[in-house]
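Visitor: could you work out the structure for the sequence below:
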Amino acid sequence: MDAIETLENSVERYTAGNELYQEYYDHWKYMLESFVGSQEYENAQHLMRYSLETAGEYGARLKSTPLQNHCASIVDVYTSFIFKTPPTRDLGRLADDPRTNSILQDADMDGRSFNSFMKDVATYNSVFGQTWIIVAKPNTGAVTIADEIANGSRPYLNLITPMMMLDWRWQRQPSGAYELEYIKYVEEVTGKTKTIKEWSKDIIRTVVVNDDTIQYVEEVENGLGKIPAVCSYNKRGIVRGIGVSDIADIADTQRYIYNLISEIEQTIRLDSHPSLAVTENTIISAGAGSVIQMPDDLDPGLKPYILQSSGANITQILATIDMCVESIDKMANTGAVRAVESKTMSGVAMQTEFVQLASKLAEKADSLELTEEHIWRLISEYMGYPYEANIDYPHQYNIRDNNADLEFLMKARAAGVTNSEFQEEINKRIVELVVDDPQKLNEIYQSMEETDFEIHDMINSQTGETVTVTSQSQHVDLIARGFVELG
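Guide: Now for the predicted structure:
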């Protein structure tokens, strides 16, 4: 084996992925293109090419065909619901460490707060099915905690997409648990230069590769004694390290719609600018009122004629697109959420869809909560604290059609039930639908209770103290202190 072949094998050893990576890479790339859209989707050439279509004609059709990006829309819907209410974190003794506040404010040393970082984790989990989070800490030679605080040495997070995670291996422990024993990923790409990191339980190796040459290799000891990486799943698949994407099936339907829109555009162009069939010797010019010069000896049966498109299939294509959009909403359980016009759905059907969506969101919240627990466990280990964190993501997603609920309550109030408690409960439900601020809601509830309150006197039987009560809250407080109503 000569020197050049040895060098090529060494470079390939650092840049090659494992079998699962090679098997799923094209799928992940397709998911990313479907989510990003724009120039990436156009460059991927997801339009079907016509027979005899030239490269120039195909390129023009790619540029003139718009993309309805349903993948991005659905991922944004999921993420916005999950993070509408931020998660709560009880970090125990970690909360008193000033380094923790720095992590919460700038989790990745690139300006992203911890909540923003986790929002990106949720987004790319939906796109790829899983992501990897590396928890690292620079070795600055600090001896004490004060030294670390002074030089800004603290753990930070690095989000790695599956397309950058080249290799990974788990090992089953005697206890039955799985533990990572090796990972390799691309940390940074700058032009033709790639920075590749390898982690084992003992060594951290950094390799810089440029084209076919290895420019730099550094090895440092892994002081943690374990691989600080967390595989965050959107939904676990049947293979360890591979999750299930939210948009895998939706991307195919989106591509089908993309091609149908191109057919509409082509049909309209053909209808507006029909083709003219002429003989070889006929001279024509373009534009309105153009002149056609035919040879004097031209056979009357060969005179120019127009190839006119009827355009009748446009209506059928539009109906097919609507059916595809409806199919996407059914797959994603977002029909009532993403609707842009009034839809004919029964109350039971709409409520069922809301319940299914809420269940899916709660499942995602569970996965993110588990991911955070693993992250904070590693951070605690780096910072020398026992793990005491308690992470809580919202699990109740009360998704409702407020207009339908309000209409129902108005009908119930006008139904003729004269019971005052029933009417009061209906009024409270109406206020709950209209007012979002919890503090303002409590003030309105208290005001509603005080409106029907009768001023009365109460006495303390032990001390003889008498108090005039002017509100329900005061009445409840005095009862707790031993007061009773007079008379």
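Visitor: which SS state does residue 133 fall under?
Guide: What DSSP: H, G, I helix; E, B strand; the rest coil gives for residue 133 is strand.
Visitor: likewise for residue 197?
Guide: On the basis of three-state DSSP, residue 197 is classed as strand.
Visitor: and it, how far from residue 188?
Guide: Distance of residue 197 to residue 188, computed by C-beta to C-beta, to the nearest Å: 9 Å. The way it works is simple: take the backbone N, C-alpha and C, and place the C-beta from them, glycine included.
Visitor: and these two? which has more neighbours close in?
Guide: residue 197 (19 against 11; other C-beta atoms under 10 Å).
Visitor: dump the residue contacts of residue 257.
Guide: 68, 70, 321, 324, 325 (C-beta atoms under 8 Å, 6 or more residues apart in numbering).
Visitor: over to residue 44?
Guide: Residue 44 makes contact with 30, 33, according to C-beta under 8 Å, 6+ apart.
Visitor: domain-wise, how is this structure divided?
Guide: Per automatic domain parsing, the domain ranges recorded for the chain read 3-130+235-248+359-392, 400-446, 453-487.
Visitor: which of the ones you listed sits most buried?
Guide: domain 3-130+235-248+359-392 (a mean of 17; mean count of other C-beta atoms under 10 Å).
Visitor: before we move on, the earlier item: now the domains of the chain in a markdown table, with mean pLDDT?
Guide: Compiled in a markdown table, these are given as follows (pLDDT from 0 to 100):
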| stretch | mean pLDDT |
| --- | --- |
| domain 3-130+235-248+359-392 | 89 |
| domain 400-446 | 72 |
| domain 453-487 | 80 |
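Visitor: could you dump the ones you listed to JSON lines with distance to residue 160?
Guide: What follows is the domains of the chain, written out as JSON lines (distance: least, C-beta to C-beta, whole Å):
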{"stretch": "domain 3-130+235-248+359-392", "distance to residue 160": "10"}
{"stretch": "domain 400-446", "distance to residue 160": "38"}
{"stretch": "domain 453-487", "distance to residue 160": "54"}
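Visitor: out of those, which gets nearest to residue 313?
Guide: Taking C-beta to C-beta, domain 3-130+235-248+359-392 is the member of the domains of the chain nearest to residue 313, at 16.0 Å.
Visitor: check contacts around the residue sitting nearest the centre point of the chain.
Guide: By C-alpha atoms, centre = their mean, the chain has its centre lying nearest to residue 123, at 2.7 Å. Residues near residue 123 by C-beta under 8 Å, 6+ apart: 75, 79.
Visitor: mind checking how far it is from residue 36?
Guide: 11 Å.
Visitor: same check on residue 66?
Guide: 15 Å.
Visitor: sorry, back to before: now the residue nearest to the centre of the chain: which helix or strand?
Guide: helix 114-128 (DSSP states H and E).
Visitor: okay, now residue 131: neighbour count?
Guide: Residue 131 has 26 nearby residues by other C-beta under 10 Å.
Visitor: what's across from it in the sheet?
Guide: residue 232 (DSSP bridges).
Visitor: so what's it up against?
Guide: So residue 131 contacts 121, 124, 125, 159, 160, 161, 162, 231, 232 (C-beta under 8 Å, 6+ apart).
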